[in-house]
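Trainee: Return a 3D structure for these sequence lines:
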Amino acid sequence: MHRSVIVRSAVLTVVTALAAAALAVPAEARHRVHADALPAVPPRAETPPLHDDEEGGHADADDPAIWRNAAAPGRSLVVATAKEGGLRVYDLDARPVQSIAAPPAAGEDHAPGRFNNVDLVHGLRLSSGRADLAVTSDRGHDRLRFYRIDRDRASGPLTDVTDPLAPPVFSRDQDEIDDQRTAYGLATWTDPATGKAYALVSRRERTTVALLELLPAAGGRVTYRTVRTLDLPSSFRLPDGTSWSPCGEPGELPQVEGMVVDPANGVLYAGQEDVGIWRLRADLTGTPKLIDKVREYGVPGVYDEETEECAPGDDPGFGGTRISADVEGLTLLTESDGDGYLLASSQGDDTFAAYDREPADANEYEGGFRVTAANGALDGSEECDGAAALNAPLGSKYPRGLLVVQDGHDTLGDGRDATGFKFVDLGEVLDALDD
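Mentor: All right, here's what the predicted structure looks like:
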């Protein structure tokens, strides 16, 4: 039984009976009951599957961004990362428009480029004029990569405009890059007070988030400089006075990946995968606040070297009730009246949670939904890594906007593991949340 249902009950005897019954059901089953009770929204389209193997070019879907063509909204684009497979660009029918390879390895013993997350910057001033850019974190080389967006360019809408002298984000040298504690999660932000554009970048297997100012370079290219960094906690004091850290491989700290900045107030939301969702200033000053916890928060675990997995202990009951680890893709759904939602992918139970986007309202939980199969034609989204929402008309196909979600377990008939992206009518999501 969902914990919030127990809290709302006014009769103590009923509360006691329901709580006892809930404890008798395994935690995984309780989470599944919660997920199945949420409204279902079907996808309208899906991209061709990506395969993370030699035959598929080591392409693995991860994170999308939606670029709106203001002159012709029906010709808007979705830009998405495919890790070692580089970038993919899709039209609104989820058909491939362009494929961009990740940069090669710096040498035989080094990692190739690996594009993890992507976001957009609009109207950045370059030496060649203003341009919209797709920005991606290259985990393999510990850099940011920049691609100018020109929808009608004959050879494809994206052009690489990365300054070849752009420095590593976190690493001091190639040896540190080879350790792959490198640029991971990514969100962009333009400060309305100064007009300066930034990228907020998290570090793989660490709790660090860096604020990078994006800068024009010669020849219409783009580089960046580090303004400051902030480390989120890796250990937490529990209500019973004990200390807890999420279980992981030796030396691995609880990393952040999903991030998004609310442009209305300069608030950054950051998903610490095994912990929960943080709210903090996008300029990385002030004190971060944990606005929700994953259900597994506080559960002890022991790492097994042989299985390379963590064996969980007993749940002390200090976690949240709405999201299950990992908390992944974060995106904003902004409404015309200024209200809207922060959406979070609850990867552990294949659902999406919606929170009030106003910090003044304590980012209250507003409900959730699932992206599920549509009449047997399209499967849903499972183990979702990344998500992007755009609440603006996108032609006749998506007059109320679009939600794009990664599908971490695409359904195929040839036995290979595959991933991809599902396109969802944002109007149907809003209807589900309003019911």
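Trainee: can you pull out the helices in the protein?
Mentor: Ranges of helices within the chain are 3-8, 12-23, 27-36, 174-178, 426-434, based on DSSP state H.
Trainee: tell me the pLDDT at the residue sitting nearest the centre point of the chain?
Mentor: Centre of the chain computed as the mean C-alpha position; nearest residue by CA atoms, centre = their mean is Gly329, 2.2 Å away. On pLDDT, Gly329 comes in at 94.
Trainee: How about Ala29?
Mentor: 56.
Trainee: Numbering from 743 from now on, please.
Mentor: Noted, 743 is the first residue going forward, which turns the last one into Ala771.
Trainee: what bridges to Lys825?
Mentor: Bridge pairing for Lys825 (DSSP bridges) gives the partners Phe857.
Trainee: domain ranges for the chain?
Mentor: 743-779, 780-1176 (automatic domain parsing).
Trainee: And stretch 1085-1092, how far out from the chain middle?
Mentor: Distance, stretch centre to chain centre, for stretch 1085-1092: 10 Å (CA atoms, centre = their mean, to the nearest Å).
Trainee: ok, and what's touching it?
Mentor: The contact list for stretch 1085-1092 (CB atoms under 8 Å, 6 or more residues apart in numbering) reads 773-774, 776-777, 1000, 1013, 1019, 1036-1038, 1064-1075, 1094-1097, 1110, 1112, 1122-1129, 1131, 1145, 1147, 1150. Just so you know, the C-beta spots here come from the backbone N, C-alpha and C atoms, and that holds for glycine as well.
Trainee: Narrow the residues you listed to those that are buried.
Mentor: 773, 776-777, 1000, 1013, 1019, 1036-1038, 1064-1075, 1094-1097, 1110, 1112, 1122-1124, 1126-1129, 1131, 1145, 1147, 1150 (16 or more other CB atoms under 10 Å).
Trainee: where do the strands sit along the stretch 993-1142 of the chain?
Mentor: Ranges of strands within the stretch 993-1142 of the chain are 998-1004, 1009-1014, 1018-1023, 1031-1035, 1043-1046, 1051-1054, 1069-1076, 1082-1088, 1093-1098, 1107-1113, 1129-1132, based on DSSP state E, counting those that start in this stretch.
Trainee: mean confidence score for the second one?
Mentor: Just to be clear, that refers to strand 1009-1014. Here the average pLDDT along strand 1009-1014 is 98.
Trainee: what angle sits between that strand and strand 1031-1035?
Mentor: 50 degrees (axes from the mean of the first three to the mean of the last three CA atoms, to 10 degrees).
Trainee: Look up how far Gln1089 lies from the closest residue to Leu1132 other than its chain neighbours.
Mentor: Computed as CB to CB, 6 or more residues apart in numbering, the closest residue to Leu1132 that is not its neighbour in sequence is Ile808, at 4.3 Å. Going from Ile808 to Gln1089 by CB to CB, to the nearest Å gives 21 Å.
Trainee: Quick one: neighbours of Pro1042, just the number.
Mentor: If you count neighbours by other CB atoms under 10 Å, Pro1042 ends up with 16.
Trainee: Please report phi then psi for the nearest residue to it once chain neighbours are set aside.
Mentor: Nearest in space to Pro1042, with sequence neighbours left out and distances taken as CB to CB, 6+ apart, is Gly1055 at 4.0 Å. Per-residue torsions, Gly1055: phi -90, psi -160 (degrees, to the nearest 10).
Trainee: before we move on, the earlier item: so the residue nearest to Leu1132 sits right up against Ala822, yeah?
Mentor: No: under the criterion of CB atoms under 8 Å, Ile808 is not in contact with Ala822, lying 9.7 Å apart.
Trainee: What's the local residue count around His800?
Mentor: 18.
Trainee: now swap in the one 4 residues further on and tell me
Mentor: Neighbouring residues of Asp804 were enumerated by other CB under 10 Å; the total is 27.
Trainee: what about it, distance to Asp1127?
Mentor: Where Asp1127 is concerned, Asp804 sits at a distance of 5 Å (CB to CB).
Trainee: Now do the shared contacts for the two.
Mentor: With CB under 8 Å, 6+ apart, Asp804 and Asp1127 have common neighbours Gln1148.
Trainee: where are the low-confidence patches of this structure?
Mentor: For the chain, the stretches with pLDDT under 70 are 743-775, 1117-1118, 1155.
Trainee: Please repeat the previous calculation with a cut-off of 80.
Mentor: Applying pLDDT under 80 to the chain flags residues 743-776, 796-798, 1078-1080, 1102-1103, 1116-1119, 1153-1157.
Trainee: contacting residues around the closest residue to Arg895 other than its chain neighbours?
Mentor: Distances taken as CB to CB, 6+ apart place Thr901 nearest to Arg895, at 6.9 Å, with adjacent residues excluded. Taking CB under 8 Å, 6+ apart, we find Thr901 in contact with Tyr889, Arg890, Asp892, Arg895.
Trainee: thinking the second one is in contact with Ala873, fair?
Mentor: Yes: using CB under 8 Å, Arg890 is in contact with Ala873, at 4.9 Å.
Trainee: Quick check: neighbours shared by these two?
Mentor: With CB under 8 Å, 6+ apart as the test, Arg890 and Ala873 both reach Val903, Gly962.
Trainee: and Ser976, how many residues sit next to it?
Mentor: Considering only other CB under 10 Å, Ser976 is surrounded by 16 other residues.
Trainee: Give the burial count for the nearest residue in space to it that is not next to it in sequence, as a bare number.
Mentor: With CB to CB, 6+ apart as the criterion, Ser976 has its nearest non-adjacent residue at 4.5 Å, and that residue is Leu995. Residues near Leu995, counting by other CB under 10 Å, number 21.
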